[in-house]
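Asker: coordinates only, sequence not included:
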């Protein structure tokens, strides 16, 4: 992991861009897909390697949650080890890495919200809307927002992307699924059936199945990371996984399961609302972007000392303020040639929130959106995800 010569939140876990992180997993999968001579992939030295690989991505299923609540589960029984997420530990950054083999520095998606002046300021690149201003419309929108090649473009092996029907053909999904066959699903049972159908179709040729499951994440956001709702959903996922193992028996394949990030709970009393601090409006040139746990700020030229004073007075013990360019130079966003808009996407300064703390602001036309479970930060609960391996 990266040693960072700057203040960090207490007990911060830093992203591993070698073999101990999601980026390394994505890097190896991309290399295997693009090199027909590369040996079949296996992430367990004691297990056979197969030319058919299935990757299950369970949005939000952190390794700390799995070890705390998954005792006796089939998933925990097949857990191989933990991996770090990328930075920020959030869906937009980590899922994009898993679909491209690129680091956040390279693909430039540094949070749910990014700043891109070409499209009017602070936008959400996955659902394609601007804060307070509705859906984005612009010529060649996805080509300009996502100019990099996805993992499946030029793949030498057949690929299927199993995705929820509500997002399977979204502009983001269509752009990142280039080179793959898209298989939408509705119910959880259909999720399993679709994977099994694809595996049977690919068992002779080999190939790759990328299967994404989002519902655990949504429940953790709404009810909390350790809520009854989250626990019931995890039991459902474990049953789905056990059913999948049974139905895939006899097909030579490698079944991997991981997640994009974990979760922590952030109570409302630990939520800093900038609208309660109107003095900051004169200090910030744009609304916040990034995440509630990692907020990127554009501080107006000449207001750096004023904003630093505000942080010392109101956020000591709640957040660490660092210059974003200094943060980027540490390599925390990952290796590779930086996206040409990376500097814009991380602002002038970054607020790294302490564990349990969040920050947000509001813009005109934007409704208040409360969350109990959150992610994006550097806590162990958010950063560690499991790597689960089975050969049915």
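Answerer: In hand now; what should we look at? Predicted model only: the values in this text are computed from it and were never measured.

Asker: shaky segments in this protein?
Answerer: Within the chain, the segments meeting pLDDT under 70 span 1-5.

Asker: hey, where'd the strands end up in the stretch 101-250 of the chain?
Answerer: Ranges of strands in the stretch 101-250 of the chain, per DSSP state E, counting those that start in this stretch, are 114-116, 121-124, 129-130, 134-135, 159-164, 181-185, 207-213.

Asker: export those strands as CSV, with columns for mean neighbour count and distance to residue 359.
Answerer: Every C-beta, even on glycine, is put in place using the N, C-alpha and C of the backbone. Output for the strands of the stretch 101-250 of the chain, formatted as CSV (neighbours: other CB atoms under 10 Å; distance: least, CB to CB, whole Å):
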stretch, mean neighbour count, distance to residue 359
strand 114-116, 23, 16
strand 121-124, 20, 14
strand 129-130, 16, 20
strand 134-135, 10, 24
strand 159-164, 23, 30
strand 181-185, 17, 36
strand 207-213, 24, 29
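
Asker: in JSON lines: those, plus distance to residue 149.
Answerer: Converted to JSON lines, those look like this (distance: least, CB to CB, whole Å):
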{"stretch": "strand 114-116", "distance to residue 149": "19"}
{"stretch": "strand 121-124", "distance to residue 149": "22"}
{"stretch": "strand 129-130", "distance to residue 149": "25"}
{"stretch": "strand 134-135", "distance to residue 149": "26"}
{"stretch": "strand 159-164", "distance to residue 149": "13"}
{"stretch": "strand 181-185", "distance to residue 149": "17"}
{"stretch": "strand 207-213", "distance to residue 149": "15"}
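
Asker: nearest to residue 335, of those strands?
Answerer: Proximity to residue 335 (CB to CB) singles out strand 114-116 among these, at 20.1 Å.

Asker: output the contacting helices and strands for the closest one.
Answerer: Under the contact criterion of 3 or more CB pairs under 8 Å, 6 or more residues apart in numbering; DSSP states H and E, strand 114-116 touches strand 121-124, strand 289-290, helix 342-346.

Asker: and the longest one, how far out from the chain middle?
Answerer: Here the centre of helix 342-346 is set off from its chain's centre by 18 Å, with CA atoms, centre = their mean, to the nearest Å.

Asker: same check, this time on the second one
Answerer: Averaged C-alpha coordinates place strand 289-290 at 14 Å from its chain's average position (CA atoms, centre = their mean).

Asker: how far out from the middle of the chain is whichever helix or strand comes after that strand?
Answerer: Counting by DSSP states H and E, the element after strand 289-290 in chain order, helix or strand, is strand 294-297. In terms of CA atoms, centre = their mean, the centre of strand 294-297 is set 16 Å apart from its chain centre.

Asker: other SSEs contacting the following helix or strand past strand 294-297?
Answerer: Moving toward the C-terminus from strand 294-297, the next helix or strand (DSSP H and E) is helix 304-314. The contact analysis (3+ CB pairs under 8 Å, 6+ apart) places helix 304-314 against strand 319-323, strand 349-353.

Asker: quick check: which of those strands is buried the most?
Answerer: Mean neighbour count (mean count of other CB atoms under 10 Å) peaks for strand 349-353 among the helices and strands packed on helix 304-314, with a mean of 24.

Asker: after it, which helix or strand is next?
Answerer: Going down the chain from strand 349-353, the next helix or strand is strand 358-360, by DSSP H and E.

Asker: just checking: what are the partner strands of that following strand?
Answerer: Strand 358-360 has the following sheet partners, assigned by DSSP bridges: strand 271-273 (parallel).

Asker: what's the partner strand in contact with?
Answerer: Under the criterion CB atoms under 8 Å, 6 or more residues apart in numbering, residues 292, 314-315, 318-319, 357-362 lie in contact with strand 271-273.

Asker: quick check on the residues you listed: which are buried?
Answerer: Burial by neighbour count, 16 or more other CB atoms under 10 Å: within these this picks out 292, 315, 318-319, 357-362.

Asker: now tabulate these in a markdown table and tack on distance to residue 127.
Answerer: Below are the buried ones among the contacts of strand 271-273 laid out as a markdown table (distance: CB to CB, whole Å):
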| residue | distance to residue 127 |
| --- | --- |
| 292 | 17 |
| 315 | 29 |
| 318 | 29 |
| 319 | 27 |
| 357 | 26 |
| 358 | 20 |
| 359 | 22 |
| 360 | 18 |
| 361 | 19 |
| 362 | 18 |
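
Asker: which one of these sits closest to residue 49?
Answerer: Set against residue 49, the nearest of those by CB to CB is residue 292 (40.8 Å).

Asker: shouldn't that closest one be in contact with residue 372?
Answerer: No. Shown here, residue 292 and residue 372 do not form a contact pair, counting by CB atoms under 8 Å, at 11.6 Å.

Asker: return every residue with contacts to both of the two.
Answerer: Contacts common to residue 292 and residue 372, judged by CB under 8 Å, 6+ apart, are residue 266.

Asker: quick one: the helices in the stretch 51-200 of the chain?
Answerer: In the stretch 51-200 of the chain, the helices defined using DSSP state H, counting those that start in this stretch lie at 63-69, 74-77, 91-100, 104-107, 141-145, 171-176, 188-202.

Asker: backbone phi and psi for the residue of the chain positioned farthest from its centre, please?
Answerer: Residue farthest from the centre of the chain, counting by CA atoms, centre = their mean, is residue 302 at 34.3 Å. The phi/psi pair for residue 302 (degrees, to the nearest 10) reads phi 100, psi -10.

Asker: could you check how far it is from residue 309?
Answerer: 13 Å (CB to CB, to the nearest Å).
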